[in-house]
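Colleague: Quick check, what structure comes out for this input:
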Amino acid sequence: MRNCLTWTMILVMTLMPMTTSAVVDVEVTSRFDTDTPVLDMATDPQSRLVFLLTAKAVLLYSVEDSAVVDQIPLRTPFDRIAVLDAEHLVLSHSVSGAMNIVRFGRVYPIELEGRISRGPSNAPVTVVVFDDYECAYCARLDVFMEDIVQQFPNQIRLFIKHYPLSKHPFAHEGAMAALAAGQQKKFWEFHAQLLQHYDELDESIILKTAKKLKLDIKRFNTDRTSQALEKIIQEDVENGKAIGVKGTPWVFLNGKHVSNIGNLPDLITRELEKNQNRK
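Modeller: Coordinates of the predicted model:
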């Protein structure tokens with residue numbers, strides 16, 4: 001028999017005077033059937049995730065996607081689960097007294113349609129970087145990412161999302177220029193060149209880079225003032241704010257925020273192993 005869990009949301013509650021009974025209108029808004037018994041569950045309202053504890057794994061059910069988006073394999077049996085904070089779960093066993101604190105990664109909805117990328121379109125790992133062209137750490141990360149791309153040439157797909165900070169006067173102009181260079185198939189070269197000059201970025205650097213890459217300058221200048229490219233940057237910033245981006249660089253790996261960028265190679269390897277185990 002399949003173990004059926006049903007979540008309900010109260011849609012309408014009409015409060016009546018204290019002397020009468022309240023009327024509550026309830027509607028089932030999500031239904032999900034598991035193939036294995038669920039021992040316990042916990043919820044994280046902020047990420048809208050439901051954590052389903054089974055004998056062999058914790059299933060991460062996304063209310064937004066109406067599907068299990070990931071799972072945490074278990075080597076030790078547990079029968080209770082609780083959310084500790086934004087990134088950690090507490091697993092325990094009521095009889096043995098065993099307890100583990102495990103870290104989980106929220107899967108965020110990142111808008112990537114129409115965005116420039118490098119790497120195979122069917123790569124099992126997607127890396128998204130929210131960048132600012134006057135950010136010193138973004139410049140360092142770009143060099144690091146180049147090494148990672150060389151290390152995993154067929155396994156990752158890299159996207160750049162633009163997140164120019166207001167404290168950097170030429171960050172927005174740099175993003176517009178990089179996108180304009182992309183109209184002439186030179187985004188990645190332009191992107192790397194600008195980050196090499198993050199601490200001196202200005203109009204002269206932008207034009208010098210365009211000429212160095214032999215861009216059609218007239219078209220380049222027209223494109224970098226276009227509303228279409230401006231819209232891309234606005235959408236990137238809005239998407240970033242919606243998923244909790246608080247600065248640059250801000251990195252996501254398969255939709256999960258990477259807080260320690262130095263661990264990125266190991267995290268990529270782990271994602272590749274998980275992908276292989278699912279086959």
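Colleague: Could you pull up the contacting residues of Gly105?
Modeller: Residues near Gly105 by Cβ atoms under 8 Å, 6 or more residues apart in numbering: 70, 87, 256-257. For every residue, glycine as well, the C-beta is placed using N, CA and C.
Colleague: From the residues you listed, which land in strands?
Modeller: Among the contacts of Gly105, DSSP state E puts 70, 256-257 in strands.
Colleague: re the thing from before, nearest to Phe130, of the contacts of Gly105?
Modeller: His257 (10.3 Å; Cβ to Cβ).
Colleague: does Ile101 sit in a helix or strand, and which one?
Modeller: strand 99-103 (DSSP states H and E).
Colleague: Can you name the element that comes right after that strand?
Modeller: strand 117-118.
Colleague: which residues touch the helix or strand that comes right after that next one?
Modeller: Sequence order places strand 125-131 as the next helix or strand after strand 117-118, per DSSP H and E. Strand 125-131 is contacted from outside by 110, 112, 138, 141-142, 145, 148, 152, 155-163, 175, 191, 195, 236, 240, 245, 248-255, 264, 268, 271-272, 275, using Cβ under 8 Å, 6+ apart.
Colleague: Okay, now the sheet partners of strand 125-131, with direction.
Modeller: Here strand 125-131 is paired, per DSSP bridges, with strand 156-162 (parallel), strand 250-253 (antiparallel).
Colleague: After the helix or strand bottoming out on mean pLDDT in the chain, which helix or strand is next?
Modeller: Sorting the helices and strands of the chain by mean pLDDT, DSSP states H and E puts strand 3-14 at the bottom, at a mean of 38. Counting by DSSP H and E, the next helix or strand C-terminal to strand 3-14 is strand 23-34.
Colleague: buried stuff in that next one?
Modeller: Phe32 (16 or more other Cβ atoms under 10 Å).
Colleague: Which other helices and strands does it contact?
Modeller: strand 3-14 (3 or more Cβ pairs under 8 Å, 6 or more residues apart in numbering; DSSP states H and E).
Colleague: picking up where we left off before, just send the strands paired with strand 125-131 back as TSV, with mean pLDDT and distance to Arg75 too.
Modeller: As requested, these are exported to TSV (pLDDT from 0 to 100; distance: least, Cβ to Cβ, whole Å):
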stretch	mean pLDDT	distance to Arg75
strand 156-162	98	28
strand 250-253	96	23
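Colleague: Let's have those in a markdown table, adding mean neighbour count.
Modeller: Formatted as a markdown table, those follow (neighbours: other Cβ atoms under 10 Å):
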| stretch | mean neighbour count |
| --- | --- |
| strand 156-162 | 22 |
| strand 250-253 | 21 |
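Colleague: right, so of those strands, which gets closest to Met99?
Modeller: strand 250-253 (27.9 Å).
Colleague: And the contacts of the closest one?
Modeller: 108, 110, 125-130, 141, 163, 240, 243, 257-258, 261, 264, 267-268, 271.
Colleague: now stretch 260-268
Modeller: 125, 127, 141, 144, 148, 151-152, 155-156, 249, 251, 253, 258.
Colleague: Buried only: go through the contacts of strand 250-253 for me.
Modeller: 108, 110, 125-130, 141, 163, 240, 243, 257-258, 261, 264, 267-268, 271.
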